[in-house]
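A.B. asks: Predicted structure and sequence below. I'll ask about it afterward.
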Amino acid sequence: MKPQSPVARPASLQLTPDGRLRHFLSIEGLPRALLEQILDTAESFANLGGPAVKKVPLLRGKTIVNLFFEASTRTRTTFELAAKRLSADVLNLNIGAAATVKGETLLDTLRNLEAMHTDMFVVRHADSGAAHFIARHAAPHVRVINAGDGRHAHPTQAMLDMFTIRRVKGAFEPLCVAIVGDILHSRVARSQIHALKTLGTGCVRVVAPRTLLPAEVETLGVEAHVDPETGLEEADVIIMLRLQRERMKGAFLPSEHEYFQRFGLTEERLRRARPDVIVMHPGPINRGVEIDSRVADGPRSVILRQVTYGIAVRMAVMSMALGTGTDAS
Ligand code: CP
């Protein structure tokens, strides 16, 4: 397989002719009402039975395959939990032990999995465009969810981040959100920016060394800051990102130690934000590189709440894409 660059108008592939979710591949181009529907549906799942979310039969008889060609802890496990709580059958394809290592093409692997009456693929891949490629080639009844493709998009991560922000802060309009770190290589940042802008966030900033800011990032409607002291000023929400070494080709930074000295989120730096700021991170966190442990584990951190909310958000996206309605009661 050679996935292409992400398509120019992703919404046309993602939506049915009457505007419902078919595949969930990227946030870009999706209407605000659909993002709000995902958040509202996730709210109904998050409210089910308190912390121990009970199972609902919405996807009984459906088969969902987790196809993870890249490492994952949070995304893969919360997709699996979400599918099980919707009563679906879940297969986790062990790529290291799958026939792709014997030369089988991705399309042949897909055809074989479809022959087992699969209804949905949840795909993580190192190549940007991989989930679009699979969506374009899957059987008409099969739905595809992008669980992270290269530097392109990680839409369910962005939606669980939006869910966390809305739960803690309420409306998006009055907020100033600072996304700090390796913006250049981050599929999460790209999806968060599209989601925050679509949901009407008043101020979205990206804060990074110049070498880790994409060219013309301001065209996405964000403020770019190369100085964290101004970038964090009066922020309501700070989203920290790790350095994505696996996607860096060449030297972008002098050293991790210097990076922490200059951009790491410490208690002192946190004081530049508003007193009720929340600190978020998609994980995995690198303590002492982009964030100090006292902040990661401190009272302003909602990092583990993000993980918990990921289950409800993924339940929402899967149930909507498979057209099983939104009534979780
Ligand atoms: N946030 C995130 O995608 O984490 P994983 O790589 O562990 O899935």
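C.D. replies: Cool, got the structure.
A.B. asks: Quick one: the strands in the stretch 1-150 of the chain, in order.
C.D. replies: Per DSSP state E, counting those that start in this stretch, the stretch 1-150 of the chain carries strands over the ranges 63-68, 89-93, 120-125, 143-149.
A.B. asks: so which of these comes closest to residue 31?
C.D. replies: Residue 31 sits nearest to strand 143-149 of all those, at 17.9 Å, using CB to CB. Using the backbone N, CA and C atoms, a C-beta is placed for each residue, glycine as well.
A.B. asks: Kindly report the residues of the stretch 201-329 of the chain close to the ligand.
C.D. replies: With the criterion set to CB under 6 Å from any ligand atom, the stretch 201-329 of the chain comes near the ligand through 282-284.
A.B. asks: Any of those residues buried? List them.
C.D. replies: With neighbours counted using 16 or more other CB atoms under 10 Å, these contain these buried positions: 282-283.
A.B. asks: Closest to the ligand out of the residues of the stretch 201-329 of the chain next to the ligand?
C.D. replies: Using CB to the nearest ligand atom, residue 282 comes nearest to the ligand of those, at 3.8 Å.
A.B. asks: Quick check: nearest residue in space to the closest one, chain neighbours excluded?
C.D. replies: Spatial nearest neighbour of residue 282, excluding adjacent residues (CB to CB, 6 or more residues apart in numbering): residue 188 at 4.9 Å.
A.B. asks: what about that neighbour, which helix or strand?
C.D. replies: helix 187-198 (DSSP states H and E).
A.B. asks: end to end, how far does stretch 228-246 reach?
C.D. replies: With CA to CA, to the nearest Å as the measure, stretch 228-246 spans 24 Å from end to end.
A.B. asks: what do you get for stretch 277-296?
C.D. replies: Using CA to CA, the two ends of stretch 277-296 sit 13 Å apart.
A.B. asks: residues of it that come out buried?
C.D. replies: For stretch 277-296, by 16+ other CB under 10 Å, it's 277-283, 285-286, 289-292, 295-296.
A.B. asks: Which members of those occur in helices, if any?
C.D. replies: 295-296 (DSSP state H).
A.B. asks: out of the buried residues of stretch 277-296, which one sits closest to the ligand?
C.D. replies: For the buried residues of stretch 277-296, the nearest to the ligand is residue 282 (3.8 Å; CB to the nearest ligand atom).
A.B. asks: quick one: pLDDT of the residue nearest to residue 282?
C.D. replies: You'll see residue 188 listed with a pLDDT of 98.
A.B. asks: give the contact list for it.
C.D. replies: Residue 188 makes contact with 154, 157-158, 161, 241, 282, according to CB atoms under 8 Å, 6 or more residues apart in numbering.
A.B. asks: Equivalent analysis for residue 166, please.
C.D. replies: 39, 172.
A.B. asks: Quick check: it is in a strand.
C.D. replies: No: using DSSP: H, G, I helix; E, B strand; the rest coil, the assignment for residue 166 is helix, not a strand.
A.B. asks: so what pLDDT did it get?
C.D. replies: 98.
A.B. asks: sec struct for the residue positioned nearest the centre of the chain, please.
C.D. replies: Residue closest to the mean C-alpha point of the chain, counted by CA atoms, centre = their mean, is residue 157 at 1.9 Å. Secondary structure, three-state DSSP: residue 157 is helix.
A.B. asks: Am I right that residue 171 is in a strand?
C.D. replies: No: counting by three-state DSSP, residue 171 is not part of a strand but coil.
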